[in-house]
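# whatever this is, show me its structure:
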Amino acid sequence: MGAIFRRAQALEPSPSRGGLGGDGLSSDPKPCDRFEHHPPPGLPLEGGGAKRGVLLGMMLMLAPTFALAQSSGQSGQGMHPVLEAAAQTHSSLRVCADPNDLPFSNKAGQGFENKLAQMVGQSLGRQVQFVWEMQNDDFLRSVYTSKCDLVMGLPSEDHGYGVLTTDPYYRSAYALVYRANAPYQLKSLDDPRLRTLQIGVNSTYGDKVDLPPGTTLANRGIVKNVHGYDLFANYYSQANPSAAPIKAVAKGDVDVAIAWGPLAGYFAKRQPVKLTVVPLTDTHTVLPFQFSISMAVRHDDTALRDKLNAFLRDKHGAVEALLTQYGVPQLKMDAVASGKDTLTQRRADSVRR
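Numbering: from 1, shown residues only. Presented below is the predicted three-dimensional model:
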């Protein structure tokens, strides 16, 4: 679900790029290097980890380069025959997952997407095989190129990756997180106290305003009191890097954090002090703060998509209970249609015309 964070980069300019005016957000002095897709040996992932740079994220590049290249190189009639044959030889259900991304997934199988994948595999009579990939901008390439069959979390409305989304199985929102004993009760981003309180947000690759919270705060002129915690800088050396803003609230380093709902709900319950989580459902924001989340398959795998939709209908109660167990704030589901086509397919169709 990490892809959700990348949405902001595609939708809105940032102050540091001159798009909104003002300064870039202040940040802890943490280096941010780009990493290869696979972790080195000895990475301490078991026991939990976190990074949602992505769906949930996470969240989202609407038209990645690889999808354009694929659509321009093929006629849109489906995947390459060699890749299709390779996919059909696999009786297991290959699920792309991040090995360091709680509460969604980790290599120890402790995330709710790990658990949900096992439920799906059992229902379909297929053994689940996790394909571990860091959830960066190239994450969904593994689906398109048939390296795996399924991604467990992607915003329902986004079909521009060369993938096909199922019906949504939950909807959540970014949330405020602050100490329960704080001398204030925050309900929205309109609260004037946010102009003076110290605020922690997740960031990516050193860009402090490429995710919805940072961009929205900067658009409101709230900049100098905002601290960015990079999702990727400590990915290979630290468990739960996306929990950093929430941990900072617990430690007193910042007064309030703004985090994607599943992160906020899960990690707030695991701090040594009691924290309050307030989903941001009534505040006008320059970028979306609420997302319906679906599973995703290859753009031509309608058979698997339909089976997954049937699973979601049959197991709705069990899925909802699983999300509740992980503290995911669940909003009322809007009527969001599953993806019937993809940006890749539409481009191919326009070329044929």
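
# quick one: contacts of stretch 116-129?
By C-beta atoms under 8 Å, 6 or more residues apart in numbering, the residues outside stretch 116-129 that reach it are 91-95, 97, 109, 130, 150, 152, 295, 307-308, 311, 314-315, 318-319, 322. (Glycine included, C-beta is placed from N, CA and C.)

# that one: which residues count as buried?
Neighbour counts over stretch 116-129 (16 or more other C-beta atoms under 10 Å) mark 116-118, 120-121, 126, 128 as buried.

# identify those among these that sit within helices.
When DSSP state H defines the helices, the subset of these inside them is 116-118, 120-121.

# out of the residues you listed, the closest to Ala257 would be?
Nearest to Ala257 out of these is Leu116 (C-beta to C-beta; 25.9 Å).

# roughly how far apart are the closest one and Gly162?
According to C-beta to C-beta, to the nearest Å, Leu116 stands 23 Å off from Gly162.

# what does Ser92 give?
Taking C-beta to C-beta as the measure, Ser92 falls 22 Å from Gly162.

# of the two, give the one with the bigger neighbour count.
More neighbours surround Gly162 than the other of Ser92 and Gly162, with 28 against 11 (other C-beta atoms under 10 Å).

# point out where the stretch 1-150 of the chain drops to low pLDDT.
1-90 (pLDDT under 70).

# correction: the stretch 251-353 of the chain
Judged by pLDDT under 70, the stretches of the stretch 251-353 of the chain that qualify are 334-353.

# all helices for it, in order.
With DSSP state H, counting those that start in this stretch as the criterion, the stretch 251-353 of the chain has helices at 261-268, 302-314, 316-325, 343-352.

# tell me which of those helices is the most buried.
The highest mean neighbour count among the helices of the stretch 251-353 of the chain, using mean count of other C-beta atoms under 10 Å, belongs to helix 261-268: a mean of 28.

# may I have that helix as CSV, with CA atoms only?
Below are the C-alpha coordinates for helix 261-268, written out as CSV (Å, rounded to 0.1, in the frame of the first residue of the first chain):
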residue,chain,number,x,y,z
GLY,A,261,-4.6,5.9,8.5
PRO,A,262,-3.4,2.3,8.7
LEU,A,263,0.1,3.5,9.9
ALA,A,264,-1.4,5.8,12.4
GLY,A,265,-3.9,3.3,13.9
TYR,A,266,-1.3,0.4,14.0
PHE,A,267,1.7,2.2,15.5
ALA,A,268,-0.2,4.6,17.8
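
# now that helix against helix 316-325, angle please.
Helix 261-268 and helix 316-325 are oriented at 50 degrees to each other (axes from the mean of the first three to the mean of the last three C-alpha atoms, to 10 degrees).

# which strands and helices sit next to helix 261-268?
The contact analysis (3 or more C-beta pairs under 8 Å, 6 or more residues apart in numbering; DSSP states H and E) places helix 261-268 against strand 170-179, helix 244-251, strand 275-279.

# what are the contacting residues of the second one?
In other words, helix 244-251. Residues from elsewhere that reach helix 244-251, judged by C-beta under 8 Å, 6+ apart: 177-179, 200-202, 227, 229, 240, 254-259, 263-264, 267-268, 271-273, 275.

# out of those, which end up buried?
Among the contacts of helix 244-251, those buried by neighbour count (16+ other C-beta under 10 Å) are 177-179, 200-202, 227, 229, 240, 254-259, 263-264, 267-268, 271, 275.
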